[in-house]
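J.: Here is my input; please provide its structure:
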Amino acid sequence: MTELHFESAIELVVKIKSKQISGLELLEHFLARVDDYNPALNAIIWMDPKGARARAKAADEALARGEDWGPLHGLPMTVKESFNLKGSPTTFGVPAMKDNIADSNALLVDRLLGAGANIFGKTNVPIHLADWQSFNDIYGTTNNPWDLGRTPGGSSGGSAAALAAGLTGLETGSDIGASIRNPAHYCGVFGHKPTFGIVPTDGQSLPGVYNKSDITVVGPLARSAEDLALSLDITAGPNKFGAAAWRLELPKPRKTNLRDFRVALMLSDPAAEVEQSYQDNLSDIADSLAKAGARVSDTARPDIDAARVMELYIIMLRAATSRRSGAEEVARFEGVMADSATDQSSYFARMARGVLLPHREWLHMDNERHLMRHAWADFFQDWDILLCPAATSAAWPHDQEGERHNRTITVNGKPQIGVDQMFWAGYPNLVFLPSTVGPAGLSPEGLPVGLQAVAAEGEDKTAIEFCRLVARDIVGFRPPPGYT
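T.: The predicted model follows:
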């Protein structure tokens, strides 16, 4: 029997609506678990128990009157710290913003509340949402529930850790460099990076920022693929500027049985070598797919230069985030680019180039990206899913020394520059594709690893459904030990 706190959001709402448990009782259950487990994890960094209890009571009273608030009626949940929630801090982990209290809600938050959710807290992030770890000088370090000495991922690391440990019913994240996908992978939960633009990012920002960033998306994390699909249905659609003119209608999944899927398998790449044991997890899943009748190929690829994707992705990502670069950092990057000794193929040089990128040059890169979109569209005429890694290894030990681009992790017994694994973020993300991460089993050390299922642009539900079926028939969510 699954413990209450590890059940899916959908199952929990069924229990509330059928009055097997009240919304207030469920909230108190999660709050008690936060008291027990969060001090060691530091996943949830702000809470409003008083306000959450009032909303839980209101949800229960509404249900007693026969009122249904929607598909999340009374569900206790948390959201990533970077989403504006009225009365809560939104800091992005930046010390100078520690006193920034939101006076309104992000649009995604409003849609979750409108569906009946009871948002009781917020979860930790790295500074500027710019690390595959989750630590900052305001809230401290978030730990992985599978091993407190390891990263839970970032930037939605608090989100994934809270879900895996059973401290919340549902979560939200944002993703420009796998910030939904790698925490899901490292913590053994589900995460979905939507097609670019289908879920509004309005209100996932610091004060004074109103425009939508290139590449960045917001989307759900959960303990089941079904919850991802539900959350996406609730939050996707136009923002207030587009609402008068267009509607979103995501297509149904291409296939509803694993035997019918056409799956291209990609286990590693020279740009980001993957731990062999992790490759073996994905190979085992591919073997199970083939035995079920699916068509599986380990050679099918879109007609694009993968190395060029990585180069273009890093430059355009750093251009997209360059707004936060002050005069001192710009001067530093100018020095880097003027230095003949600089390795122009390094992440640091590409970061500098992105921050300094002239708009005319960006337009040429954007045009190249759109050519790649055509190649991917052609690829998905023949294939339903690209199955690939979400990172290069399972979760690695905390490392907060120096600058991110100089830190290394160990892959296949050798040091690897940690930012190299951003290849697996950018391969689909540069060209706006949806991708879902779901559990793929455990590493030899007993740490979770995840599969990344990439689908055609706009076909988010195909990626989610594929992960739902894999979880049902092959390998799914399992809680970390010690959190029963």
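
J.: so who does Thr142 touch?
T.: By CB atoms under 8 Å, 6 or more residues apart in numbering, the residues touching Thr142 are Leu41, Asn42, Ala43, Thr123, Asn124, Ser134, Phe135, Pro152, Gly157, Gly158, Ala161. No exception for glycine: its C-beta is placed from N, CA and C like everyone else's.

J.: Can you pull out the low-pLDDT segments for the protein?
T.: Applying pLDDT under 70 to the chain flags residues 1.

J.: Pick out the residue nearest the middle of it.
T.: Ile180 (0.9 Å; CA atoms, centre = their mean).

J.: thought that one was touching Val189?
T.: No - contact between Ile180 and Val189 fails when scored by CB atoms under 8 Å: they sit 10.3 Å apart.

J.: where do the contact lists of these two overlap?
T.: Leu221.

J.: Now the residue nearest to the centre of the chain: phi and psi?
T.: phi -90, psi -40 (degrees, to the nearest 10).

J.: ok, now Gly140?
T.: phi 90, psi -160.

J.: residues near it, how many?
T.: 12 (other CB atoms under 10 Å).

J.: Excluding residues flanking it in the chain, which one is nearest it?
T.: Ranked by CB to CB, 6 or more residues apart in numbering and with sequence neighbours excluded, the top spatial neighbour of Gly140 is Asn42, at 5.5 Å.

J.: now do Lys252
T.: Lys461 (6.1 Å).

J.: Check whether the one you found sits in a helix, strand or coil.
T.: helix (DSSP: H, G, I helix; E, B strand; the rest coil).

J.: List the residues that contact the closest residue to Gly188 other than its chain neighbours.
T.: Excluding its sequence neighbours, the residue lying closest to Gly188 (CB to CB, 6+ apart) is Pro448, at 3.0 Å. Residues near Pro448 by CB under 8 Å, 6+ apart: 146, 164, 185-188, 394-395, 439-442, 478, 480.

J.: Just the buried subset of these, please.
T.: Using 16 or more other CB atoms under 10 Å as the burial test, those include 146, 164, 185-188, 394-395, 439-442, 480 as buried.

J.: Identify, from the residues you listed, the entry nearest to Pro428.
T.: His185 (14.0 Å; CB to CB).

J.: and that closest one, what does it touch?
T.: Neighbours of His185 in contact, by CB under 8 Å, 6+ apart: Gly153, Gly191, Ala390, Ala391, Val437, Pro448, Val449, Gly450, Gln452.

J.: So Lys50: helix, strand or coil?
T.: For Lys50, the assignment made with three-state DSSP gives helix.

J.: how far away is the residue nearest to Gly188 from Trp146?
T.: Counting by CB to CB, to the nearest Å, the gap from Pro448 to Trp146 is 6 Å.

J.: Okay, strands next: where are they in the stretch 251-400 of the chain?
T.: 262-265, 295-297, 385-389 (DSSP state E, counting those that start in this stretch).

J.: I figured Thr437 hits Tyr186, correct?
T.: Not quite, residue 437 is Val, not Thr. No - applying CB under 8 Å, one finds Val437 not in contact with Tyr186, separated by 9.8 Å.

J.: Columns distance to His73 and secondary structure on top of the contacts of His185, output as JSON lines?
T.: JSON lines is the format used below for these (distance: CB to CB, whole Å; DSSP: H, G, I helix; E, B strand; the rest coil):
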{"residue": "Gly153", "distance to His73": "30", "secondary structure": "coil"}
{"residue": "Gly191", "distance to His73": "24", "secondary structure": "strand"}
{"residue": "Ala390", "distance to His73": "32", "secondary structure": "coil"}
{"residue": "Ala391", "distance to His73": "36", "secondary structure": "coil"}
{"residue": "Val437", "distance to His73": "27", "secondary structure": "strand"}
{"residue": "Pro448", "distance to His73": "30", "secondary structure": "strand"}
{"residue": "Val449", "distance to His73": "34", "secondary structure": "strand"}
{"residue": "Gly450", "distance to His73": "30", "secondary structure": "strand"}
{"residue": "Gln452", "distance to His73": "32", "secondary structure": "strand"}
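
J.: ok, those vs Gly23, which is closest?
T.: Nearest member of the contacts of His185 to Gly23, counting by CB to CB, is Gly191, at 25.5 Å.

J.: quick one, what contacts that closest one?
T.: By CB under 8 Å, 6+ apart, Gly191 lies in contact with 156, 160, 173, 180-181, 183-185, 219-222, 228, 436-437.

J.: Dig out what it forms beta bridges with.
T.: Leu221, Val437 (DSSP bridges).
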